[in-house]
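> my questions are about this predicted structure, shown below with the sequence.
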Amino acid sequence: MKSICRTLASFVALASIACASLATAADDAAVYQQTVSKAVTYLTTKAQAADGSYNSAAGPAVTALVTASLLKHGRTVDDPAVAKALKYLQQFVQEDGGIYAPESNHKNYETCLGVVCFAAANKDGRFDTIVKKADAFVKGLQWDDKEGKTAADPEFGGAGYGKNKRPDLSNTSFLLDALKATGTDPNSEEMKRALIFVSRCQNLESEHNTTPYAAKNPDGGFYYSPAAGGVSQAGTTETGALRSYASMTYAGLKSMIYAGVGPDDVRVKAAIGWLKKNYDLDSNPGMGTSGLFYYYQTFAKALEATGNDTFVDEKGVEHNWRSELIAELASRQAEDGSFVNADPRWMEGDASLVTGYALLALAHSKPATK
């Protein structure tokens, strides 16, 4: 009898857990749909200018990012707002294949965002030529032997804002997003070169990183660039080491996975180790509120790329990262559906850009449906 009772009790407990899990999933889905719907409505009815842009002063970049976020949430190329935005973006397609404003100093950044946007809009092949030529253009901007660089140089394999700017992890991360969007094989030479640069942005001394910065702060996190004397937006330690910060560490982790690095690789393990110590959604660890919404979309992309539904922090706490991110974003959404960062650094005072970031983060954290 006692055995039967214990079995029944176990069954009831499991049933209760299952019901609670289903209820949580249903709640997540409802909050997700409401948050997405409000953001999409804001972008398509309030934020877009008459010419189809979302920030014409920023050239094509913001419009490409926002339009990609709409496409990732089910809007089609025939949707009026999307169609207007794509028409606006097409005027920036240059003879060399790049998608950038004339005289731009941000050709890689703008074109990579354009590639992701047009690739998302290209289900019927109508933008094949634009995507193919833009793909070749950004590959040509990657720092390699064409710039007189060898694998021994810290710039090798990276991408910057353009030819006149040293490469950095943020731009290289956008490059990898673009390469993935065009179906570039992780074993391609472009991916391999990018991985060399990405590995050198990590505070981890290994066969992949023998730069002078890695051993000074071997915490496994990532910084902005090993080029031009080494740069971290989070600053340096008293010993001159480059500080790691979360948005770049998630960007580094995502980029390594996109380039085919597996979970048992020492670089991935070290990055996850740093993130376990710095799991947070209230801030961009290492940077406070600066770049917070950029951080959210790198957070979501990276954790989705790991293939794991949960993330266990240093204290052993298991996080349903999708559920937590959805709740955090929902709590930060304005009544009109927009998002904006009170810290305006890196253009995060622009509601269109920030709402686009939020939608991208949501696209990569969609709750699983049973």
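Right, received. Where do you want to start?
> show the contacting residues for Ala119.
Contacts for Ala119 (Cβ atoms under 8 Å, 6 or more residues apart in numbering) come out as Phe127, Val131, Ala178, Ala181, Thr182. From N, CA and C alone the C-beta is placed, and that goes for glycine too.
> mind listing residues that contact stretch 144-156?
Contacts for stretch 144-156 (Cβ under 8 Å, 6+ apart): 140, 143, 157, 163, 166-167, 193, 196-197, 200, 211, 226-227.
> one more time with 10 Å
140-143, 157-158, 163, 166-168, 189-190, 192-194, 196-197, 200-201, 209-213, 225-230 (Cβ atoms under 10 Å, 6 or more residues apart in numbering).
> show the buried residues in those residues.
141-143, 157-158, 166-168, 190, 193-194, 196-197, 200-201, 209, 211, 213, 225-227, 230 (16 or more other Cβ atoms under 10 Å).
> just these: which are in helices?
Leu141, Glu190, Arg193, Ala194, Ile196, Phe197 (DSSP state H).
> redo the residues you listed as a markdown table? Include distance to Tyr258 and pLDDT.
Below are those laid out as a markdown table (distance: Cβ to Cβ, whole Å; pLDDT from 0 to 100):
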| residue | distance to Tyr258 | pLDDT |
| --- | --- | --- |
| Leu141 | 18 | 94 |
| Glu190 | 11 | 97 |
| Arg193 | 13 | 97 |
| Ala194 | 9 | 98 |
| Ile196 | 14 | 98 |
| Phe197 | 13 | 98 |
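> would you format those as a markdown table with distance to Arg332 included?
Rendered in a markdown table, the data for these read as follows (distance: Cβ to Cβ, whole Å):
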| residue | distance to Arg332 |
| --- | --- |
| Leu141 | 34 |
| Glu190 | 36 |
| Arg193 | 37 |
| Ala194 | 32 |
| Ile196 | 37 |
| Phe197 | 33 |
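> ok, so of the residues you listed, who is nearest Leu362?
Taking Cβ to Cβ as the measure, Leu362 sits nearest to Ala194 out of those, at 26.4 Å.
> which one is Ser173 nearest to, not counting chain neighbours?
Closest residue to Ser173 apart from its sequence neighbours, by Cβ to Cβ, 6 or more residues apart in numbering: Ala251 at 4.1 Å.
> tell me the contacts of the one you found?
Ala251 neighbours (Cβ under 10 Å, 6+ apart): 169-170, 172-174, 176-177, 198, 201, 222, 224, 294-295, 297-299, 301-302.
> ok, 8 Å please
Leu169, Ser170, Ser173, Phe222, Thr298, Ala302.
> so among those, which ones count as buried?
Buried among the contacts of Ala251 (16+ other Cβ under 10 Å): Leu169, Ser170, Ser173, Phe222, Thr298, Ala302.
> list the contacts of the helix or strand harbouring Ser352.
Assigned by DSSP states H and E, Ser352 belongs to helix 351-363. Applying Cβ under 8 Å, 6+ apart, the contact partners of helix 351-363 are 32, 35-36, 39-40, 42-43, 47, 54-55, 58, 62, 65-66, 68-70, 72-73, 293-294, 296-297, 299-301, 325-326, 329, 332-333, 337-341, 347-348.
> those residues in helices, which ones?
Reading helices off the contacts of helix 351-363 with DSSP H, I get 32, 35-36, 39-40, 42, 62, 65-66, 68-70, 293-294, 296-297, 299-301, 325-326, 329, 332.
> before we move on, back to that, pLDDT averaged over the helix holding Ser352, what's the number?
The pLDDT scores in helix 351-363 average 98.
> centre of the chain to that helix, how far?
11 Å (Cα atoms, centre = their mean, to the nearest Å).
> and the angle for that helix with helix 61-71?
40 degrees (axes from the mean of the first three to the mean of the last three Cα atoms, to 10 degrees).
> return helix 351-363 as PDB; C-alpha atoms alone will do.
The C-alpha coordinates for helix 351-363 follow below in PDB (Å, rounded to 0.1, in the frame of the first residue of the first chain):
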ATOM      1  CA  ALA A 351      13.400  54.400 -30.800                       C
ATOM      2  CA  SER A 352      13.400  52.800 -34.300                       C
ATOM      3  CA  LEU A 353      16.800  51.300 -33.900                       C
ATOM      4  CA  VAL A 354      16.100  50.100 -30.400                       C
ATOM      5  CA  THR A 355      12.700  48.600 -31.300                       C
ATOM      6  CA  GLY A 356      14.500  46.800 -34.100                       C
ATOM      7  CA  TYR A 357      17.000  45.400 -31.700                       C
ATOM      8  CA  ALA A 358      14.200  44.300 -29.400                       C
ATOM      9  CA  LEU A 359      12.400  42.500 -32.200                       C
ATOM     10  CA  LEU A 360      15.600  40.800 -33.300                       C
ATOM     11  CA  ALA A 361      16.200  39.600 -29.700                       C
ATOM     12  CA  LEU A 362      12.600  38.300 -29.600                       C
ATOM     13  CA  ALA A 363      13.000  36.500 -32.900                       C
END
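> identify the residue spatially nearest to the one residue sitting closest to the centre of the chain, adjacent ones excluded.
Most central in the chain under Cα atoms, centre = their mean is Thr298, positioned 3.2 Å from the mean C-alpha point. Leaving aside its sequence neighbours, Thr298 sits nearest to Tyr250 (Cβ to Cβ, 6+ apart; 4.1 Å).
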